[in-house]
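Asks: Provide a 3D model corresponding to the input given below.
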Amino acid sequence: MAGLYVVVESWLNGASTNQTRGRILSIYMIVSMGGIGAGQLLLNLNDSTGFTLFILASVAVSLSAVPVALSVQANPKAVVFTGFSLRDLLLRAPIGVSASFWTGASAGALIGMGAVYAATVGMSDAGISAFLFAPMLGAVIFQWPVGWASDRFPRRGVILAVSAVGALAPLGVLFVDPAGLAGLALMTVLGGAVFSCYSLAVAYTNDWLEASEVLGASATLVRVNGSGAILGPLVAAGLMAAFGPSLFFWTITACFFVSGAIVGWRIFVRDALPVERQRRFVPFPGRATSAAVGNMLPRRRQR
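Replies: Here you go, the predicted model:
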């Protein structure tokens, strides 16, 4: 799957221009997250204890290659970028690196352990699919309003606000039926916080970079986010096994709390970048797996 994401992102980059990159990236995010969300609903088509659904997923992946094979689009040019070290990125935009890591951890826990939690508390297959679909729906719904706010207000404040929502929404689910309307609504809000926060991290980091540095920094952010995505489900699984399924939500809350605390501390010790110097927000796919998509971000002209 990671290989497919790399190829798709490179292909879209080759088909984009400076005038269309933002729109294409937005559509890519909606299609990608919409597909991930729709995939959860396939759980209702067959008995989940068999292998039929795995075969269906394999067929879907195979069918996805058909329009690519039939396309008359020429192969895109190879994407070449200069590396950007983690140390340099931490010195330049520590909030972006921190938010990327903790967002990856929360997303990894949400995607990796969400079904385990739902099955452990006794949800039906239909309930599990709805429980996992809700965050993906939130990822699509909340990208635009969060992006609108981040283009008009200091991004550190927006990241702090989204982190607060991401920390509180999981705790709210503990007090309601997670399979009921209130629980699904809170999971939708949680998904909006989880997946829009990575977009904010990318946008904030790009505010502090020259145009020639964006692609290399994007590669570093992808690795940081991926590291968090590996750690998140491992920690959540261990805590759930030791203390019960409710630690699924507490793990996500802890990730956002730490991320928000770091942002709050930086607000007190470092002046913000003026809003007029911020780049335009572009929704960034929460499941992006390569730096190729970074080249699709709108670039500020050097002066």
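
Asks: my read: Ser150 touches Ala203, true?
Replies: Yes - between Ser150 and Ala203 there is a contact at 6.2 Å, judged by Cβ atoms under 8 Å. For glycine as for every other residue, the C-beta is placed from the backbone atoms N, C-alpha and C.

Asks: surely Leu239 meets Phe249?
Replies: No - contact status for Leu239 versus Phe249: not in contact, 10.5 Å apart, counting by Cβ under 8 Å.

Asks: So if I had to pick from those two, which one is more boxed in?
Replies: In this view Leu239 and Phe249 are compared by other Cβ atoms under 10 Å, and Phe249 has more residues nearby, 23 against 19.

Asks: And for the more buried one, nearest residue in space, chain neighbours not counted?
Replies: Pro170 (3.7 Å; Cβ to Cβ, 6 or more residues apart in numbering).

Asks: quick one, what contacts that neighbour?
Replies: 186, 190, 248-250, 252-253 (Cβ atoms under 8 Å, 6 or more residues apart in numbering).

Asks: Just give me the closest of those to Val165.
Replies: Within the contacts of Pro170, distances to Val165 taken as Cβ to Cβ reach their minimum at Leu190, with 8.1 Å.

Asks: For Val41, which non-adjacent residue is closest in space?
Replies: Just so we're on the same page, residue 41 is Leu rather than Val. The shortest distance from Leu41 to any residue other than its chain neighbours is 5.1 Å, reached at Ser129 (Cβ to Cβ, 6+ apart).

Asks: tell me, which helix in this protein spans the most residues?
Replies: helix 214-243 (DSSP state H).

Asks: which helices and strands does that one pack with?
Replies: When contacts are defined as 3 or more Cβ pairs under 8 Å, 6 or more residues apart in numbering; DSSP states H and E, helix 214-243 sits against helix 86-92, helix 94-120, helix 181-207, helix 247-269.

Asks: Let me know which of those helices is the nearest to Thr52.
Replies: Between Thr52 and the helices and strands packed on helix 214-243, the shortest gap by Cβ to Cβ is with helix 94-120, which sits at 17.0 Å.

Asks: For burial, what's the neighbour tally of Ser106?
Replies: Other residues lying near Ser106 total 32 when counted by other Cβ under 10 Å.

Asks: check contacts around it.
Replies: Contacts for Ser106 were tallied using Cβ under 8 Å, 6+ apart; they are 166, 194, 197, 228, 232, 251-252, 255-256.
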